[in-house]
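[1] sharing a model that was predicted from the sequence below.
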Amino acid sequence: MQTSFERKPLEQVEAGALIVPVFEGRKEERFGAGDLFDAGEIAGKPLELLLLHHVPGVVATRVLLAGAGKAEKFDSAELRKLAGAAVRHLKSKSVKSIAMALDPEHASADFASAAVEGAILGDYEPDRYKTDDDKKSVDRFTVVGAADDLEDAVTRGRIVAEAQNFARTLVNEPGNLLTPSKVAEAARSMATEYQLDCQVLDLAEMERLGMGALLGVARGSAEPPALIVIGYKPSQANSPAHLGLVGKGVTFDSGGISIKPSDGMEKMKYDMAGGAAMLGAMRAIAQLKPALAVTAFIPCVENMPGSRAQRPGDIVVAMSGKTIEVINTDAEGRLILADALTYARKQGCTHLVDAATLTGAVVVALGHLNVGLFSNDNGMRDRVLQAAKSAGERMWPMPLEDDYKEYLKSAFADLANVGGRWGGAITAAIFLKEFAEDTPWVHLDIAGTAWLDESKPFLAKGPTGLPVRTMVRLAMGWAD
């Protein structure tokens, strides 16, 4: 999708459709909409859409009145959703060129970026493997506003949204086509295209480094594991900090010997959504060029119940030297992240964020609306929460008191990999905290937010690409 910014009267905008946000309780008089408000055909409620054809005095072929809700609650996050819903509605009617009007009060960089992000994210469809010819897409999206120049903001929105869609595409790949080795190939290709450093540690190198927790998970699969490391170095850093982004990359999770129920197992291709998001974030960071060193670490494995698979009761030695009793082989994500966090620290990362589809417990706690956020450092926690708020990705801080470590006691090893039924998302985070040690660290449990079981008006069913936008905002807004 081509994107651009125009500063001209709305009536002169050339497009197949012009999107005009209208607000609840604020009657829109332009484009003959006043009568439609009076007749009750539109009231400005959130995501309410009314398409008008051949409006007198308007060059655009159609005008889409798009409900924005109450003006006092309208922000860039709401605009992002509105743009996505409007684009999906117009795309279904084969509209190829779309423009979106920004009111003077919303003609800012954040709103312009959000409009473009919403449009590109809304245009995405997970239909790569469908063979019918009825695939519709939008060719051009233009932001129209009264500001002098929002072109840079439009470009930024395009870069971030395309990176998020890159992550969504990876997550949507089936496990037979996206093995750990294939993720590594995609990472290398992306790194080459955007001039990033890329290294892929293979099984022999991980054995040399003593990554017993990660390799224990990989044992049950014929597919070899890979630890992907992608680095960005700024030409001139404004901070001595080195941000490490760690993403869980389980390309398919059967549960291993502790095998999952068959119902819904097909969705377990999404168990590498955290890793895909960190790759997507690096794609955007390479183009936006923050003045901060950032390195992503994506441990990739397939968790299978093969003849060599680890068993419940096995004890593995992590790279840090800690011993772990594997009580449940389906709690594998924390095992691979343990070694990746240790490796990131040894590579000089001063601050860490990991993202993982880690626990069903976080879905019980927060549903599908908020990411569960855990941190060992209040300053780091607040940085990520602020970035998430600016990016329009909802996150909720969860407790991480040391007392929860009691749940992970093992009679035979330093700690167990699960802590029983209660507080499962918290005990998983407590486990990871052992490997982040004293490095400021945030853990994002995205199990409930990385995938949509049903489409939304503004987003297709399937992978969401969270938390790409938050990671990009975090890097771009970093300040000591």
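    Now that the structure is in, tell me what you want to look at. The shown structure was predicted, so the numbers you read here are calculated from the model rather than taken from an experiment. Numbers count the residues shown, from 1 in each chain.

[2] can you give me the helices in the stretch 101-250 of the chain?
    Assignment of helices within the stretch 101-250 of the chain using DSSP state H, counting those that start in this stretch yields the ranges 109-123, 151-172, 180-193, 203-209, 212-218.

[3] mean confidence score for the last one?
    Taken as a whole, helix 212-218 carries a mean pLDDT of 98.

[4] what's that helix packed up against?
    Using 3 or more Cβ pairs under 8 Å, 6 or more residues apart in numbering; DSSP states H and E, the elements in contact with helix 212-218 are helix 203-209, strand 293-303, strand 315-317, helix 333-346. C-beta here means a position set from N, CA and C on the backbone, and glycine is covered the same way.

[5] which of these sits closest to Tyr232?
    Proximity to Tyr232 (Cβ to Cβ) singles out strand 293-303 among the helices and strands packed on helix 212-218, at 4.7 Å.

[6] what pairs with that closest one, parallel or antiparallel?
    Its sheet considered, strand 293-303 pairs with strand 226-232 (antiparallel), strand 242-247 (parallel), strand 249-253 (parallel) by DSSP bridges.

[7] any chance of CSV for those, columns mean neighbour count?
    Listed next are the strands paired with strand 293-303 as CSV, based on neighbours: other Cβ atoms under 10 Å:
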stretch, mean neighbour count
strand 226-232, 24
strand 242-247, 27
strand 249-253, 28
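
[8] reformat those strands as a markdown table; add mean pLDDT and distance to Gly220.
    A markdown table is the format used below for these (pLDDT from 0 to 100; distance: least, Cβ to Cβ, whole Å):
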| stretch | mean pLDDT | distance to Gly220 |
| --- | --- | --- |
| strand 226-232 | 98 | 16 |
| strand 242-247 | 98 | 21 |
| strand 249-253 | 98 | 11 |
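
[9] which one of these lies nearest to Arg140?
    strand 226-232 (30.5 Å).

[10] now do the closest one: distance to the chain's middle.
    On the basis of Cα atoms, centre = their mean, to the nearest Å, strand 226-232 sits 18 Å off its chain's mean C-alpha point.

[11] taking helix 333-346 as reference, get the angle to that strand.
    Using axes from the mean of the first three to the mean of the last three Cα atoms, to 10 degrees, the inter-axis angle of strand 226-232 relative to helix 333-346 is 40 degrees.

[12] returning to what we had before: of all the strands paired with strand 293-303, which one is nearest Leu415?
    Evaluated over those, closeness to Leu415 peaks at strand 242-247, with 19.0 Å, by Cβ to Cβ.

[13] returning to what we had before: just send the helices and strands packed on helix 212-218 back as a markdown table, with mean pLDDT and distance to Ala356 too.
    Shown next, in a markdown table, are the helices and strands packed on helix 212-218 (pLDDT from 0 to 100; distance: least, Cβ to Cβ, whole Å):
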| stretch | mean pLDDT | distance to Ala356 |
| --- | --- | --- |
| helix 203-209 | 98 | 19 |
| strand 293-303 | 98 | 10 |
| strand 315-317 | 98 | 18 |
| helix 333-346 | 98 | 5 |
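
[14] distance to Tyr194 and mean neighbour count for these - can I get that in JSON lines?
    Listed next are the helices and strands packed on helix 212-218 as JSON lines, based on distance: least, Cβ to Cβ, whole Å; neighbours: other Cβ atoms under 10 Å:
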{"stretch": "helix 203-209", "distance to Tyr194": "24", "mean neighbour count": "14"}
{"stretch": "strand 293-303", "distance to Tyr194": "12", "mean neighbour count": "28"}
{"stretch": "strand 315-317", "distance to Tyr194": "35", "mean neighbour count": "18"}
{"stretch": "helix 333-346", "distance to Tyr194": "21", "mean neighbour count": "26"}
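
[15] adding distance to Arg381, write the strands paired with strand 293-303 out as a markdown table.
    Listed next are the strands paired with strand 293-303 as a markdown table, based on distance: least, Cβ to Cβ, whole Å:
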| stretch | distance to Arg381 |
| --- | --- |
| strand 226-232 | 23 |
| strand 242-247 | 15 |
| strand 249-253 | 24 |
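
[16] closest to Arg345 out of those?
    Comparing these by Cβ to Cβ, strand 242-247 comes nearest, at 7.7 Å.

[17] contacting residues around the closest one?
    Outside of strand 242-247, the residues within contact range by Cβ atoms under 8 Å, 6 or more residues apart in numbering are 272, 274-279, 281-282, 292-299, 337, 340-341, 344-345, 347-356, 471, 474-475, 478.

[18] okay, angle between that strand and helix 151-172 too, please.
    Going by the same axes, to 10 degrees, strand 242-247 makes 40 degrees with helix 151-172.

[19] just to revisit the earlier point, quick one: closest of the strands paired with strand 293-303 to Leu400.
    Shortest distance between Leu400 and the strands paired with strand 293-303, using Cβ to Cβ, is found for strand 242-247: 16.9 Å.
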